[in-house]
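Peer 1: structure for the following, please:
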Amino acid sequence: MQDMLRTAMLVLGPTGSGKTPLGELLCNQGFGRWRFYHFDFGHQLRTIVSGSLSSRLFDDNERQLIAEILRSGRLLTNEEFFIADRLLRSFLSRLPRMSERTEIVVLNGLPRNVFQAERVADIVTIRLVVSLDCNQDVVLQRIQANAGGDRIGRHDDGLDLVSRKLVLYEQETKPLRDFYKSRGVPIVELPVTASSTAEELRSLLFHQWRELFGDGWQTKAIP
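Peer 2: Predicted structure coming up:
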């Protein structure tokens, strides 16, 4: 049923733009009456491949498929969306429900295209899109400097793979802004520089958040 769906916000941005640090900061600090739960799809996939996530979710063949997807830097095909579906539903099933706070799932890395957006709509209701905007030069500077502090141990930061991801983002993922805008979902655009921090992005986000949702989402004005 629609009223049973979790409420979510989607963070869009090219690889290296700071989605994960922002999602983690929102999860750790919250904001007034708002409580955030960060679903980092890329991190979930890497955890599966490393063997740290429960093997009950995926068999050996499926884990090998996920490893190939990560190595190539490609998106899930439509037939492979079951991977995202299974991971997101498992994540949501473990979340508490606290009636005294308004709870928001922060989606990072999912959905990545229109097909996935239509499928995700069966699982959560996306009420806001946050777009982290930066060009390729800024992305490369941020990754090289580990500006967000989240690139340690990453094996997908080579120039060829990053370039491939940037092309996919422009072709497949960036159009989601128009997809959601056409459906009346607010789009918050945050400019990202080579040195932008999660704290700075959070501050920019909530400046606009107050204007958009000061008395919405079943809560009074945000303090």
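
Peer 1: count the neighbours of T15 for me.
Peer 2: 23 (other CB atoms under 10 Å). Glycine gets a C-beta too; all of them are placed from N, C-alpha and C.

Peer 1: so what's the backbone phi/psi at it?
Peer 2: Phi and psi for T15, reported as degrees, to the nearest 10, are phi -50, psi 140.

Peer 1: so the residue nearest to it when sequence neighbours are not counted, which state does it fall into?
Peer 2: Nearest in space to T15, with sequence neighbours left out and distances taken as CB to CB, 6 or more residues apart in numbering, is K165 at 4.6 Å. Following DSSP: H, G, I helix; E, B strand; the rest coil, K165 is assigned to helix.

Peer 1: what is the mean pLDDT for the longest strand belonging to the chain?
Peer 2: Counting by DSSP state E, the longest strand found in the chain is strand 124-133. Averaged over strand 124-133, pLDDT sits at 96.

Peer 1: so what's the residue count around the residue nearest to T15?
Peer 2: When counting by other CB under 10 Å, one arrives at 20 neighbours for K165.

Peer 1: show residues contacting the longest strand of the chain.
Peer 2: Applying CB atoms under 8 Å, 6 or more residues apart in numbering, the contact partners of strand 124-133 are 2, 5-14, 17-19, 22, 88, 92, 104-105, 107, 117, 120, 176-177, 180-181, 185-192, 201, 205, 212-213, 217.

Peer 1: what sits against C27?
Peer 2: 36-38, 106.

Peer 1: repeat that for 10 Å
Peer 2: 35-40, 104-106 (CB atoms under 10 Å, 6 or more residues apart in numbering).

Peer 1: what would the residues you listed look like in CSV with distance to L132 and neighbour count?
Peer 2: Output for these, formatted as CSV (distance: CB to CB, whole Å; neighbours: other CB atoms under 10 Å):
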residue, distance to L132, neighbour count
R35, 22, 17
F36, 16, 21
Y37, 19, 19
H38, 14, 21
F39, 16, 23
D40, 14, 22
I104, 17, 23
V105, 18, 23
V106, 13, 22
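
Peer 1: reformat these as JSON lines; add distance to N28.
Peer 2: Shown next, in JSON lines, are these (distance: CB to CB, whole Å):
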{"residue": "R35", "distance to N28": "11"}
{"residue": "F36", "distance to N28": "9"}
{"residue": "Y37", "distance to N28": "11"}
{"residue": "H38", "distance to N28": "9"}
{"residue": "F39", "distance to N28": "15"}
{"residue": "D40", "distance to N28": "13"}
{"residue": "I104", "distance to N28": "14"}
{"residue": "V105", "distance to N28": "15"}
{"residue": "V106", "distance to N28": "11"}
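
Peer 1: distance of E62 from G16?
Peer 2: To G16, E62 is 28 Å away according to CB to CB, to the nearest Å.

Peer 1: G149 too?
Peer 2: Distance from G149 to G16, by CB to CB: 12 Å.

Peer 1: swap in A198?
Peer 2: 13 Å.

Peer 1: now do L87
Peer 2: 22 Å.

Peer 1: so between these two, which is more surrounded?
Peer 2: Ranked by neighbour count (other CB under 10 Å), L87 and G16 place G16 first, with 29 against 21.
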